[in-house]
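Asks: what follows is a protein structure lacking sequence information:
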């Protein structure tokens, strides 16, 4: 049975640091960074990570589809926040997927995203959601700090209504170490760039691309789009030449206003290609890291109607420029600021209560009274209006509900990692009303009545125990 991509979506953080600001900060000791100072790099706010971006990419991919048919969820990343806690389980809870779904975390290499997608495309078992998400960190004043970014992409795979079908693939494994990060270490160690380009990308990657094309029965000049992610400039063009692919087919690297996103980058570039691909286009996508994985896809007539409401280009266009290098350094833990005594508090999470309320809190599900129709969150054992039993409540998910600002205040006194803290009441169009935190706020355009969308974010970090608690926040609609 033919298997392929049914839907896709991506997410890029709103914050974009001017690369010129990074270069200017380090000019006293690394003046050569000026040569990489064009454009902007995407970076996560303090309350974003690989988990939150995975949820947002999946929401963009799934849209209003019925999620009950999903049988597998696979999350690829080298920067998930936990060494021993399944991040895909958090994503599944936030997306309100059924409890029978098989969830899996995959990592270990920047190749993980494409490798996961390739394996899932060759699987024959039901609908699978593949997500790759990455929040790469880099040593200050390094080349990687200029090149890296953050983002996520998600793909829904199955056998019906296919927008891009798999027609060929290839894999190769080779212990060529271009970079590595030891367990418990914050930053990657990199080997010499020219050797990695010539011996790794060109030879190993180029050979895998040739074998994938042969498997698909497609000649290099017939390739319409060539996705080959690499932080080193000129690599994709060089590999395309090795494989006989026209230079005009080389896909945008998304580096001018984003940056390289490791395990997520193949999938982000592929999503960007699918956003504008035409029926019968041939697409080759590659992942690299201790070998290479390659897939060859052919777009179908369904490609036109399968496109997400918000494209990768939309995500790039709605970035907000930041020139304060210290903000990114603080959010990524590169500097430890003095926040004062207000920051000295215990944020221990009661794991028993989190388990009991996960479907409601992480899934953001309100209850609607069967007697009087009152919608309330959190759900109590009785209706706050008519006191009827909660046994008669209907479940009302709030994450996709339309809403607006009812009241708000900006608090600069309370400890908050990105002051000021915007908080107030959100009025949902279905009648629900909830006190929430506002994020992604632009002060001069934020006001009562502003339309909102819900975002899955970090609520609090328990620094003492290394635990992260997630919840939903309200963000202005672009």
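Replies: Received the coordinates, thanks. Since the model is a prediction, treat every value here as computed from it, not as a measurement.
Asks: please count neighbours and contacts with C-alpha atoms only from this point.
Replies: Noted.
Asks: and the nearest residue to residue 446 once chain neighbours are set aside, how far from residue 429?
Replies: Leaving aside its sequence neighbours, residue 446 sits nearest to residue 476 (Cα to Cα, 6 or more residues apart in numbering; 7.6 Å). Computed as Cα to Cα, to the nearest Å, the residue 476 to residue 429 distance reads 15 Å.
Asks: so for the two, which residue has more residues nearby?
Replies: Using other Cα atoms under 10 Å as the criterion, residue 476 and residue 429 rank with residue 476 on top: 21 against 11.
Asks: surely the more buried one touches residue 455?
Replies: No - checked against Cα atoms under 8 Å, the pair residue 476 and residue 455 is beyond contact range at 9.9 Å.
Asks: returning to that earlier point: quickly list what the residue nearest to residue 446 is bridged to.
Replies: Under DSSP bridges, the beta-bridge partners of residue 476 are residue 452.
Asks: so residue 184 belongs to a helix, correct?
Replies: No - Residue 184 is assigned coil when assessed by DSSP: H, G, I helix; E, B strand; the rest coil, not a helix.
Asks: check it and give its pLDDT.
Replies: Among the per-residue scores, residue 184 shows a pLDDT of 85.
Asks: any idea where the helices of the stretch 351-478 of the chain begin and end?
Replies: Assigned by DSSP state H, counting those that start in this stretch, the helices in the stretch 351-478 of the chain fall at 351-361.
Asks: show me where it has strands.
Replies: With DSSP state E, counting those that start in this stretch as the criterion, the stretch 351-478 of the chain has strands at 365-368, 375-376, 394-397, 403-405, 409-411, 421-428, 433-438, 451-462, 467-476.
Asks: closest one to residue 175 among these?
Replies: Taking Cα to Cα, strand 467-476 is the member of those nearest to residue 175, at 33.9 Å.
Asks: about what we covered before: include distance to residue 7 when you put the strands of the stretch 351-478 of the chain into TSV, please.
Replies: Formatted as TSV, these follow (distance: least, Cα to Cα, whole Å):
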stretch	distance to residue 7
strand 365-368	25
strand 375-376	32
strand 394-397	22
strand 403-405	26
strand 409-411	39
strand 421-428	28
strand 433-438	30
strand 451-462	21
strand 467-476	24
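Asks: closest to residue 164 out of these?
Replies: Shortest distance between residue 164 and the strands of the stretch 351-478 of the chain, using Cα to Cα, is found for strand 451-462: 28.9 Å.
Asks: quick check: angle from the closest one to strand 421-428?
Replies: Relative orientation of strand 451-462 and strand 421-428, computed by axes from the mean of the first three to the mean of the last three Cα atoms, to 10 degrees: 130 degrees.
Asks: list the buried residues of strand 451-462.
Replies: For strand 451-462, burial by neighbour count (16 or more other Cα atoms under 10 Å) applies to 451-458, 460-461.
Asks: okay if I get the residues you listed as CSV plus distance to residue 344 and pLDDT?
Replies: Listed next are those as CSV, based on distance: Cα to Cα, whole Å; pLDDT from 0 to 100:
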residue, distance to residue 344, pLDDT
451, 34, 97
452, 32, 97
453, 31, 97
454, 29, 97
455, 27, 98
456, 25, 98
457, 22, 98
458, 18, 97
460, 13, 93
461, 12, 92
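Asks: from these, pick the one nearest residue 472.
Replies: Distance to residue 472, by Cα to Cα, is smallest for residue 456 among the buried residues of strand 451-462, at 4.5 Å.
Asks: and residue 195, that's in a helix?
Replies: Yes - Residue 195 forms part of a helix when assessed by three-state DSSP.
Asks: about what we covered before: and the residue nearest to residue 446, how far from residue 420?
Replies: Applying Cα to Cα, the value for residue 476 to residue 420 is 16 Å.
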